[in-house]
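In: Quick one: sequence and predicted model below, then my questions.
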Amino acid sequence: MSFWNKLFSAKTKTDNSDEKSKFLPEEIEAVEITFAKKFTEKGGKFIYSENSSSTDQFFSDILKENNWQRNDVLCIDENLADRFQLDCKKKQFNFKNFPVFLIDSEFLIGDQGNILICNHQLKDYKLEQLPPYFIVFSSLKQFASDVSDGMSKLKEKHATQLPNNITTLNVKNIVDENNFLTYGSSAKNLYLLLQES
């Protein structure tokens, strides 16, 4: 919203008893809601499912929407490949043969709408090497309020050995791509499949 819109849309103060006191703390939005807003504002596709059968249907819908077949999906995580009935690609594959990469996440960063990942998802590959589309599978237990909170939770989760190749996935945005300051960015087209149970 522009400065002028903010200025002219400001409410005038009245003696209304419904008005909140300036001494009360501000209401804080739930991290899940903040994440969903930020992620979708950036252009990410956020898909919430209540159970595994609806997740399977949404996964099939994503493939259909993009004219992808199951063998177009690159997945290097054996458990995730089994979960979505895909062939797990462990060795000798060419990234150029795959339009989409399926991974899980470490944490969903609420205040930025980004997804925290590490070598558990990427192995030793760089984001620039990977396909332009990502489907990220996650659960409600994986929210963090900010990057600092996400890093603290990552240290707790992997207490014996801190992961490497830690990064955040950013949503690819056409507006940002035209900005020379973001040249060479490794942002991706992101689908997030968030499953409740």
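Out: Thanks, I have the structure now. Remember, it's a predicted structure, so these values are computed and weren't measured experimentally.

In: From one end of stretch 46-53 to the other, what's the distance?
Out: Taking CA to CA, to the nearest Å, stretch 46-53 runs 17 Å from one end to the other.

In: Show me how far it is from its chain's centre.
Out: Chain-centre distance of stretch 46-53: 15 Å, with CA atoms, centre = their mean, to the nearest Å.

In: List the contacts of that stretch.
Out: By CB atoms under 8 Å, 6 or more residues apart in numbering, the residues outside stretch 46-53 that reach it are 36, 39-40, 55, 58, 62, 191-197. (Each C-beta comes from the backbone N, C-alpha and C, glycine too.)

In: again with stretch 88-105
Out: Contacts of stretch 88-105 (CB under 8 Å, 6+ apart): 66, 68, 72-78, 80-82, 84, 86, 115-117, 121-122, 129-138, 142, 169.

In: Now go through those and say which are in helices.
Out: Mapping the contacts of stretch 88-105 onto helices (DSSP state H) picks out 78, 80-82, 121-122.

In: who wins for neighbours among these?
Out: Top of those by neighbour number is Q121, holding 24 neighbours under the definition other CB atoms under 10 Å.

In: Setting aside sequence neighbours, what's the nearest residue to that one?
Out: In this structure, Q121 finds its nearest non-sequential neighbour in I103, 4.3 Å apart by CB to CB, 6 or more residues apart in numbering.

In: in what helix or strand does the one you found lie?
Out: Element membership for I103, per DSSP states H and E: strand 100-104.

In: Within its sheet, name the partner strands of that strand and how each one runs.
Out: Using DSSP bridges, strand 100-104 pairs in its sheet with strand 73-74 (parallel), strand 133-139 (parallel).

In: Quick one: mean pLDDT over that strand.
Out: The average pLDDT within strand 100-104 is 97.

In: which residues does G110 contact?
Out: If you count contacts by CB under 8 Å, 6+ apart, then G110 has 31-32, 34-35, 38, 143-146 around it.
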